[in-house]
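S.K.: Dropping the sequence and predicted coords here.
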Amino acid sequence: MGVRGKKYRQAAEAFDRTEQLSLDEAVEKVKQAAFAKFDETVEVSIKLDLKKGQSIRDTMVPPHQFGKDTKILVFAKGDKAEEARDAGAAYVGDTDLIEKIKDGWLDFDVAVATPDMMKDVGKLGPILGRRGLMPNPKTQTVTFDIKAAVEELKKGRLEFRADKTGVVHLPVGKVSMDGEKIRENASVFIGEVQRRKPADAKGDFIRSVFIASTMGPGCRVAFS
């Protein structure tokens, strides 16, 4: 890791990574320590005790929205295409969108598809897969309930999954947000992860929780 900047080092001086703070205290400390000129994202990182073969991947809708509007693309035909348009999807189509993406167009944030479209959409795997845009049943982006999927995504539905080291990351707000709203988003996320503890997992499933802003140091959170 490269040498940290002066502002980061100054902010880090107020942090003790061995100290465990309440979520309220941790959020306020992270907000106070933010120093970037842009509105930093606040992210929670949860270290899990995952054994070989165990994984965590799901979605959640935070109680409080933040960030830019999500551009939603839907692969669907007929009535389901109309359902997607009525729900507010930015782009709706089938083979026309598939060909457009093959030509390099990727001006959208998330893709949803009806199950009957996946045979054709699957051909976009090398393009969408690398960018994390491939529709997937595990994230409720392959579904016939297009209306519900689009509406949840417009509300800010987020995907979370454990990486190879067993850590789950999720943005829970912006530094400019009210601290209570950030705390509520973070609390819901921690609870969602805890509820997805594998049935065969033993002992403490969550090993540690940290919260930090984009440029700032991490603050350890006490959890139960």
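M.R.: The structure has been received and is ready for your questions.

S.K.: going forward, measure contacts between C-alpha atoms and count neighbours the same way
M.R.: Fine.

S.K.: give me phi/psi at the residue located most distally from the centre of the chain?
M.R.: What lies farthest from the middle of the chain is Gly78; by Cα atoms, centre = their mean that is 30.6 Å. Dihedral pair for Gly78: phi 60, psi -130, per degrees, to the nearest 10.

S.K.: distance of it from Asp96?
M.R.: 14 Å (Cα to Cα, to the nearest Å).

S.K.: do the same with Val30
M.R.: Distance, Val30 to Asp96, using Cα to Cα: 46 Å.

S.K.: what about these two, which has more around it?
M.R.: Neighbours per residue (other Cα atoms under 10 Å) separate Val30 from Asp96, with Val30 holding more: 22 against 10.

S.K.: now stretch 98-117: mean pLDDT?
M.R.: Mean pLDDT, stretch 98-117: 96.

S.K.: Tell me how far it lies from the chain's centre.
M.R.: From the chain centre to the centre of stretch 98-117 is a distance of 20 Å (Cα atoms, centre = their mean, to the nearest Å).

S.K.: now stretch 39-58
M.R.: Using Cα atoms, centre = their mean, the distance from the centre of stretch 39-58 to the centre of the chain it belongs to is 10 Å.

S.K.: cool, and stretch 172-184?
M.R.: On Cα atoms, centre = their mean, the centre of stretch 172-184 falls 15 Å from that of its chain.

S.K.: May I see the buried residues of it?
M.R.: Val172, Gly173, Lys174, Val175, Met177, Gly179, Lys181, Ile182, Arg183, Glu184 (16 or more other Cα atoms under 10 Å).

S.K.: Now the two most distant members of the residues you listed.
M.R.: Pairwise distances across the buried residues of stretch 172-184 peak at 14.0 Å for Val175 and Glu184 (criterion: Cα to Cα).

S.K.: Verify the contact between Phe66 and Gly156 for me.
M.R.: Yes. Between Phe66 and Gly156 there is a contact under Cα atoms under 8 Å: 7.4 Å.

S.K.: higher neighbour count, those two?
M.R.: Neighbours per residue (other Cα under 10 Å) separate Phe66 from Gly156, with Gly156 holding more: 19 against 16.
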